[in-house]
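K.L.:
Quick one, structure for this:
(one chain, ligands or ions: 1)
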Amino acid sequence: MAHIIASMVRPALFLIVLLSLVQARAQTPEASPPAAPVVSATAAPAPDLATQPATPVVTGTVPVRITYSHVNVDGPYIAMTFDDGPSGPNTPRLLDLAAKKHIKLTFFLIGQNAQHYPDLVRRELAEGHEVGNHSWTHPVLSKMSNDAIRAELQKTQDAIVAATGYRPTLMRPPYGALLPKQRLWVSQEFGFKIILWDVDPLDWKRPGPSVVAARIIAAVRPGSIILSHDIHSQTVDAMPEVFDTLLAKGYKFVTVSELIAMDKGPVKKKTAAAASATPATNLATAPAQ
Ligand code: ZN
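P.N.:
Numbers count the residues shown, from 1 in each chain. Model (predicted):
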């Protein structure tokens, strides 16, 4: 009897070991990349509406991350970003506010505006902020050919280099619209990291400074990349409250490149699954916190 049981158990054990090996292989990051939230960039005419998933690119065995909407950091670090400028009336007073609070910001510039306000681009860099490329004319890049995308980005790089001598290493696609294969191509062509966001106060709808401030303050978490626009006066009007409140909560404002330099890598699987179950930070539909 014992012999019969033993002869049944041995193959069963072998099968279990084999199955667990197969399962372990299926769970390696290479074999099953984490599920990514679905993008709905086409639904609305909103600028910078969609939050798109990070796209790890595997070179050899080390995944190189090219897209960031949030950074996994140890500590209360966040990056406040301002798109579509520089703006003659608004950017100088935003820079004044940031200087007063010793806060570092990141500006994603429209090439035409950078060409129009080279002094403001120089001032942004001189005061310790970062500037990135946000295209020349703010088109929907995901609908364009590689050649047309290259022209949009190159012209803007050239304008920023001409104004400052600095060559940006970050780009943000207008509306967050850039297909995964385009992101890879853009990153290879220009050496850019592609920067999206995890906090969107929908400030372009001009809901009033206090609403803009409240939405940002409610949604920020360590490692957040906050989207906003320095071409809207209400957004700049909201910043004293945003800066004061977040500083009082212990947050530290750094540039996007500084935030990425603190990246601890992908969050562990359990946390990632929990995070993807949480709705994206589209505050128009999210409940108030
Ligand atoms: Zn924009």
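K.L.:
Model confidence at P266, what's the number?
P.N.:
According to the per-residue confidence, P266 scores 83 in pLDDT.
K.L.:
which element is it on?
P.N.:
Secondary structure assigned from DSSP states H and E places P266 in neither a helix nor a strand.
K.L.:
any idea how far it lies from the ion?
P.N.:
Using C-beta to the ion, to the nearest Å, one obtains 27 Å as the distance from P266 to the ion. (Each C-beta comes from the backbone N, C-alpha and C, glycine too.)
K.L.:
Run a quick check on that residue versus N72, I expect a contact.
P.N.:
Yes - between P266 and N72 there is a contact under C-beta atoms under 8 Å: 6.9 Å.
K.L.:
could I have stretch 154-172 exported to CSV, CA atoms only?
P.N.:
Coordinates of the C-alpha atoms in stretch 154-172 are reproduced here as CSV (Å, rounded to 0.1, in the frame of the first residue of the first chain):
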residue,chain,number,x,y,z
GLN,A,154,13.4,70.0,-33.8
LYS,A,155,12.2,73.6,-34.5
THR,A,156,11.4,74.0,-30.8
GLN,A,157,14.7,72.5,-29.7
ASP,A,158,16.4,74.9,-32.0
ALA,A,159,14.5,77.9,-30.6
ILE,A,160,15.4,77.0,-27.0
VAL,A,161,19.0,76.3,-27.9
ALA,A,162,19.2,79.7,-29.7
ALA,A,163,17.7,81.5,-26.7
THR,A,164,19.7,79.8,-24.0
GLY,A,165,22.3,77.4,-25.2
TYR,A,166,20.4,74.7,-23.3
ARG,A,167,19.1,71.6,-25.1
PRO,A,168,16.1,70.1,-23.3
THR,A,169,16.0,66.4,-22.5
LEU,A,170,12.3,66.2,-21.7
MET,A,171,9.3,66.4,-24.0
ARG,A,172,5.6,66.5,-23.2
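K.L.:
Show residues contacting it.
P.N.:
Contacts of stretch 154-172 from elsewhere in the structure, counted by C-beta atoms under 8 Å, 6 or more residues apart in numbering, are 48, 81, 83, 106, 108-112, 114-115, 118, 121-122, 125, 130-136, 153, 186, 190-196, 256-257.
K.L.:
Keep these, but drop any that are not near the ion.
P.N.:
Within the set of the contacts of stretch 154-172, contact with the ion (C-beta under 5 Å from the ion) is found for D83.
K.L.:
now, which of the contacts of stretch 154-172 lie within helices?
P.N.:
Secondary structure defined by DSSP state H assigns 111-112, 114-115, 118, 121-122, 125, 153, 186, 190, 256-257 of the contacts of stretch 154-172 to helices.
K.L.:
Mark which of the contacts of stretch 154-172 are buried, thanks.
P.N.:
For the contacts of stretch 154-172, a burial check counting by 16 or more other C-beta atoms under 10 Å picks out 48, 81, 83, 106, 108-111, 114-115, 121, 125, 130-136, 153, 186, 190, 192-196, 256-257.
K.L.:
Any regions of the chain where pLDDT drops low?
P.N.:
Regions of the chain meeting the criterion pLDDT under 70 cover residues 1-63, 269-289.
K.L.:
Now for the closest residue in space to A219 that isn't next to it in sequence: which residues touch it?
P.N.:
If you skip the residues right next to it in sequence, A219 has V199 as its closest partner in space, 4.5 Å away by C-beta to C-beta, 6 or more residues apart in numbering. V199 makes contacts with R215, I216, A219, V220, S224, I225, I226, L227, T281, as judged by C-beta under 8 Å, 6+ apart.
K.L.:
Run a quick neighbour tally on the third one.
P.N.:
Looking back up the chat, that one is A219. The criterion is other C-beta atoms under 10 Å. On that basis, A219 has 18 neighbouring residues.
K.L.:
tell me which residues form a beta bridge with the closest residue to the ion within the chain?
P.N.:
Distances from the chain to the ion, computed as C-beta to the ion, single out D83 as the nearest residue at 4.0 Å. Partner residues in beta bridges with D83, using DSSP bridges, are F108, H229.
K.L.:
Quick check: residues of the stretch 101-250 of the chain near the ion?
P.N.:
For the stretch 101-250 of the chain, the residues found near the ion under the criterion C-beta under 5 Å from the ion are P174.
K.L.:
Sounds good, over and out.
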